[in-house]
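Trainee: only geometry, no sequence info:
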């Protein structure tokens, strides 16, 4: 598998508006997109810093994945997403190495990317996503 | 403040050797440095992916910061470090905006960088470090 860079970091926040203000006013980043992803029960906000996006995630429901994460661990970094070349081949390769996958086939993610998650049981505590830009 | 990229991500792990094996064999990254930082009570391992380093952190003592983090939250991403230009000016600027700082002055960090931490109370749950390369 060939990871070229960190495509994004997902960060769970309690209040999207307040956190957008912090990332813009304090860290000097610019929010370029806010969208709701209904099936994940989140509102998201995106920032770019170098090669990497920061994706803030506010839960729209206590029983969504981000709501549960915040209840258990508090606000904080939720997942890391690596950009890879050859997503299906990467999944096949790491499955053959004994890694448990959440997604055995790529699926459509935010911003037109194909994505797949690895199971946290296999990733030493870090929820890990692989992404491929199909237009590249 | 001008953050140019994510300089590194610190990840707390229970067993450095096992995690190095995962990042190398599964994710295909190459560990280029292992060092012990005695005053932080950690052993560290560094990988590069695009512009960003991944710094794995294993505690050498249960009462060190990483040992306490793992006891409370489990293994996972511990902190994010932004590369900035003008570290002291950045600290002065964000302090004036009401952000609580752990380090009001830059101090020496790993790999020859000058670093400073912001207080997690002010950063919406994400332990945040700012880094400057003094040789740049």
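Mentor: That came in fine, so what should we check first? Here the structure is a predicted model, which means the values were calculated and not measured. Numbers count the residues shown, from 1 in each chain, chains lettered A, B, ... in the order given.
Trainee: which residues touch residue A:130?
Mentor: A:1, A:3, A:81, A:82, A:84, A:87, A:90, A:91, A:115, A:116, A:117, A:118 (Cβ atoms under 8 Å, 6 or more residues apart in numbering or on different chains). The way it works is simple: take the backbone N, C-alpha and C, and place the C-beta from them, glycine included.
Trainee: give me the pLDDT for it.
Mentor: The pLDDT attached to residue A:130 in the predicted structure is 97.
Trainee: strand partners (parallel or antiparallel) of the strand or helix carrying it?
Mentor: Secondary structure from DSSP states H and E places residue A:130 in strand A:128-132. Here strand A:128-132 has these sheet partners by DSSP bridges: strand A:76-84 (parallel), strand A:114-118 (antiparallel).
Trainee: re earlier: nearest to chain B, of the contacts of residue A:130?
Mentor: Of all the contacts of residue A:130, the one with the least separation from chain B (Cβ to the nearest Cβ) is residue A:1, at 4.4 Å.
Trainee: mean neighbour count and mean pLDDT added to the strands paired with strand A:128-132, as JSON lines?
Mentor: Compiled in JSON lines, the strands paired with strand A:128-132 are given as follows (neighbours: other Cβ atoms under 10 Å in any protein chain shown; pLDDT from 0 to 100):
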{"stretch": "strand A:76-84", "mean neighbour count": "23", "mean pLDDT": "96"}
{"stretch": "strand A:114-118", "mean neighbour count": "20", "mean pLDDT": "96"}
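Trainee: got JSON lines for these, with distance to residue A:135 too?
Mentor: Listed next are the strands paired with strand A:128-132 as JSON lines, based on distance: least, Cβ to Cβ, whole Å:
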{"stretch": "strand A:76-84", "distance to residue A:135": "13"}
{"stretch": "strand A:114-118", "distance to residue A:135": "10"}
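Trainee: nearest to residue B:131, of those strands?
Mentor: Between residue B:131 and the strands paired with strand A:128-132, the tightest spacing by Cβ to Cβ is seen for strand A:76-84, at 17.1 Å.
Trainee: so what's the residue lying closest to residue A:73 once chain neighbours are set aside up against?
Mentor: Sequence neighbours aside, residue B:73 is the residue nearest to residue A:73 in space, at 5.6 Å (criterion: Cβ to Cβ, 6 or more residues apart in numbering or on different chains). Residues counted as contacts of residue B:73 (Cβ under 8 Å, 6+ apart) are A:73, A:74, A:76.
Trainee: could you redo the last one with a cut-off of 10 Å?
Mentor: Under the criterion of Cβ atoms under 10 Å, 6 or more residues apart in numbering or on different chains, the neighbours of residue B:73 are A:72, A:73, A:74, A:76, A:125, B:12.
Trainee: helices - which of those residues land there?
Mentor: When DSSP state H defines the helices, the subset of these inside them is A:72, A:73.
Trainee: OK, contacts around the residue of chain A most remote from its centre?
Mentor: With distances taken as Cα atoms, centre = their mean, the residue sitting farthest from the centre of chain A turns out to be residue A:96, at 23.8 Å. Residues counted as contacts of residue A:96 (Cβ under 10 Å, 6+ apart): none.
Trainee: okay, how far is it across stretch A:59-73, tip to tip?
Mentor: The distance separating the two terminal residues of stretch A:59-73, taken as Cα to Cα, to the nearest Å, comes to 14 Å.
Trainee: swap that for stretch A:118-135, please
Mentor: Across its full length, stretch A:118-135 reaches 23 Å between end residues, using Cα to Cα.
Trainee: for stretch A:75-90, same thing?
Mentor: 31 Å.
Trainee: nothing else from me, thank you.
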